[in-house]
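S.K.: Give me a model of this one.
(2 chains)
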Amino acid sequence: MNSGKERLINGIVKENPTFVLMLGMCPTLAVTTSAMNGLGMGLTTTVVLALSNVFIAILRNIIPDKVRIPAFIVIIASFVTMLELLLEGFMPSLYDALGIYIPLIVVNCIILGRAEAYASKNPAIPSFFDGLGMGLGFSFALTCIGAVRELLGAGDVFGFHLMPTADHPWMIGGNEVAFFTPASIFVLAPGAFFVLACLVAIQNKIKMDGEKKGKDMSKIGSGCSDDCLNCGETGCSGRKFYDPEGSDGPVGKASGNSEDKKKISEDKQDGKSESQNENTEAKQGEIEETKETKKEEGKDE
Amino acid sequence: MSELRKVSSNPHIRSSVTTSKIMLYVILALAPATFFGIYNFGIHALVLVLVTVASTVLSETIFNKICKKKNTIGDLSAVVTGLLLALNLPPMAPWWIGVIGGAFAIVVVKMLFGGLGQNFMNPALGARCFLVISFTSIMTNFECDGYTGATPLSALKAGEEVDVLSMIIGKTAGTIGETSMIAILIGACILVALDVIDLKVPFSYIISFVFFIVLFSGHGFNLSYIGAQLAGGGLMLGAFFMATDYVTRPITKKGQYVYGVILGILTGIFRIFGASAEGVSYAIILGNLLVPLIEKVTLPKGFGKGGEKA
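M.R.: Numbering: from 1, shown residues only, chains lettered A, B, ... in the order given. Here you go, the predicted structure:
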């Protein structure tokens, strides 16, 4: 669960922050006017994400629970400030292209989400790889969106002239060929929505086809299943400290349709799992109790 | 029981009016404007109209096939969308503009939201705005045989004199279907006579637009200026054929008046204070977006409900 490789793959594929978790939509839609901008934004976020995750993981036992969000923000903002100054000094063109969205990395929900959901509960090294994986997944998604938008909106990818536009026609047999007219809507704001929607639709299509063929597609779902109690993932910020090794954790998540759930409930009737069910019920009780005590503490304040 | 009675649930009386019949009437009503556009701009306009209509019909067929749904082109709404879109294109636009626009109108604006009756925006206008934003230079180039230079509305905005009579007849530059006020009004009369549309939306639209022009254009009550504003651009086509679209206008009576007034004011704002000379398509699209709110406000109270509280 916590090996570096597993965290990397988790961030890039299984829980890709853009395509699967649908986090960080603001920079995703705003700065992906070209592949270069997307990549730049992604890598900048990756650096902040990995470093802030490490620091938060190191400090996780010192930061009091009640002020953890401000503490996280301070740590993240420090790294963002450093990075902003570095970019301004050494990559002014990227700095100009990204503009206000560099300081806004502070409030990027991917970074805060990983700090809250992972780094604040796990040691420094897995947290580093978690941040790196999430960041690379974000970079990959932003570069994809940016490349498609740049290709359709300007005929280029990474500034290379791929399509025969009027400005850069192909030369075929001495004739200028320029059949491609860039649709400038794709480098404007609406294009970001079109491209993102299409990419997510393709991903959902792959997922649905896989489910029809009976493969376990739970790992490329959009978001998590709503069944929190049976969920084996600890990556969500629901903060339910549920034991993933417990009774029917990973199986329950795979069940997209009701038939599977019926099967599971039938399985549960076997002698073995009954005792485990009781265990989970007991745990539920504990969680509710802690919630209640927290509420009472809040009232005292 | 001596008599056999037919027992069925309501509705007991069915009208002979069907969707395809209404759409057929709309096509009929669009015919004068279409033929005038083809006569005015030549064979290229005819090709563009045919390509656009073919594109919308084919897009709907292919989309239904891919989604394994019943093919819905029989209701002719795709033909109407294609025709309206084509009438909104410049006469010398390349053929692929029609193909892309038709596919966008049907797939993105109509079918992705659930097909006819579910779309929140007029498909033809949605596609037109998509094309204008995407291919600005092509979509605003109205030069063709016989007509060079600006459309009458642009000339009017630049402060030049325009010939109102030729604008009413339609011998001016512009999109294929918008130039002739007379042809569009003939079509509108056909629609009204066949009881397809009523005049709540068009009249409130045009009257509020005229009020806005008189108050804010700086020309005061100048008949030739008002005439040029009414005859120029897509106002007539928009008011009679697009704002009255059953799907995207409000259902309630009061709501239709409110909708028309909003369209008139928006068109006035875009034309007088906006950077571009024309604003009908954006006004109608913005109006479409406001329709759910308008309906919510103007929903009539059921009998016995919502009386004054004592």
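S.K.: Just confirm B:F209 contacts B:T267, I think it does.
M.R.: Yes. Using Cβ atoms under 8 Å, B:F209 is in contact with B:T267, at 5.4 Å. Where C-beta positions appear, they are placed from N, C-alpha and C, glycine not excepted.
S.K.: which stretches of chain A have low pLDDT?
M.R.: Chain A contains residues with pLDDT under 70 at A:1-2, A:214-301.
S.K.: which parts of it sit against chain B?
M.R.: Residues of chain A lying near chain B by Cβ under 8 Å from any Cβ of the partner chain: A:181, A:183-186, A:188, A:190, A:194.
S.K.: Repeat the analysis, applying 6 Å as the threshold.
M.R.: Within chain A, the positions adjacent to chain B are A:183-185 by Cβ under 6 Å from any Cβ of the partner chain.
S.K.: related to what we said a few turns ago, who's more crowded, B:F209 and B:T267?
M.R.: More crowded of B:F209 and B:T267, by other Cβ atoms under 10 Å in any protein chain shown: B:T267, with 33 against 26.
S.K.: Contacts only, for the more buried one.
M.R.: B:209, B:279-280, B:283 (Cβ atoms under 6 Å, 6 or more residues apart in numbering or on different chains).
S.K.: Next, give me the two most distant ones among those.
M.R.: Comparing every pair within these by Cβ to Cβ identifies B:F209 and B:G279 as the most remote, at 10.4 Å.
S.K.: Quickly find the element holding the residue of the stretch 201-301 of chain A found nearest chain B.
M.R.: Nearest residue of the stretch 201-301 of chain A to chain B (Cβ to the nearest Cβ) works out as A:A201 at 9.5 Å. Assigned by DSSP states H and E, A:A201 belongs to helix A:189-212.
S.K.: right, and B:T19 touches B:D75 too?
M.R.: Yes. With contact defined as Cβ atoms under 6 Å, B:T19 and B:D75 form a contacting pair (4.4 Å).
S.K.: More neighbours: which of the two?
M.R.: B:D75 (19 against 15).
S.K.: hang on, the more buried one packs against B:I22?
M.R.: No. Counting by Cβ under 6 Å, B:D75 does not reach B:I22; the two are 9.0 Å apart.
S.K.: circling back to that earlier point, quick one: which of the residues of chain A next to chain B is most hemmed in?
M.R.: Busiest of those [other Cβ under 10 Å] is A:I185, holding 22 neighbours.
S.K.: Apart from its neighbours in sequence, what residue is nearest A:N53?
M.R.: Residue nearest to A:N53 in three dimensions, not counting chain neighbours: A:G131, with 3.5 Å by Cβ to Cβ, 6 or more residues apart in numbering or on different chains.
S.K.: count of neighbours near the one you found?
M.R.: 30.
S.K.: Next, the contact list for it, please.
M.R.: Shown in contact with A:G131 (Cβ under 6 Å, 6+ apart): A:49-50, A:53.
S.K.: With neighbour count added, can I get those residues in CSV?
M.R.: Supplementary listing: the contacts of A:G131 in CSV, determined by neighbours: other Cβ atoms under 10 Å in any protein chain shown:
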residue, neighbour count
A:L49, 32
A:A50, 22
A:N53, 29
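S.K.: Now go through those and say which are in strands.
M.R.: Among the contacts of A:G131, no member falls in strands (DSSP state E).
S.K.: which among the residues you listed gets closest to chain B?
M.R.: Proximity of these to chain B was ranked by Cβ to the nearest Cβ; the top entry is A:L49 with 34.0 Å.
S.K.: Let me know whether the closest one touches A:C109 as I believe.
M.R.: No. Taking contacts as Cβ under 6 Å, A:L49 lies outside contact range of A:C109: 11.5 Å.
S.K.: Most proximal residue of chain B with respect to chain A?
M.R.: Nearest to chain A, among the residues of chain B, is B:S134, at 3.7 Å (Cβ to the nearest Cβ).
S.K.: Chain A contacts on the stretch 151-300 of chain B?
M.R.: Not one residue of the stretch 151-300 of chain B sits near chain A, judged by Cβ under 6 Å from any Cβ.
S.K.: ok so, going back, return the item of the contacts of B:T267 having minimum pLDDT.
M.R.: Lowest-confidence member of the contacts of B:T267: B:G279, scoring 85 (pLDDT).
S.K.: where exactly do the helices run in the stretch 1-150 of chain B?
M.R.: Secondary structure of the stretch 1-150 of chain B (DSSP state H, counting those that start in this stretch): helices at B:19-41, B:43-66, B:77-87, B:95-103, B:123-134, B:136-139.
S.K.: Would you tell me which one of the ones you listed is buried the most?
M.R.: The highest average neighbour count among these, using mean count of other Cβ atoms under 10 Å in any protein chain shown, belongs to helix B:77-87 at a mean of 28.
S.K.: Show me what that helix is packed up against.
M.R.: With contacts taken as 3 or more Cβ pairs under 6 Å, 6 or more residues apart in numbering or on different chains; DSSP states H and E, helix B:77-87 sits against helix B:19-41, helix B:43-66, helix B:123-134.
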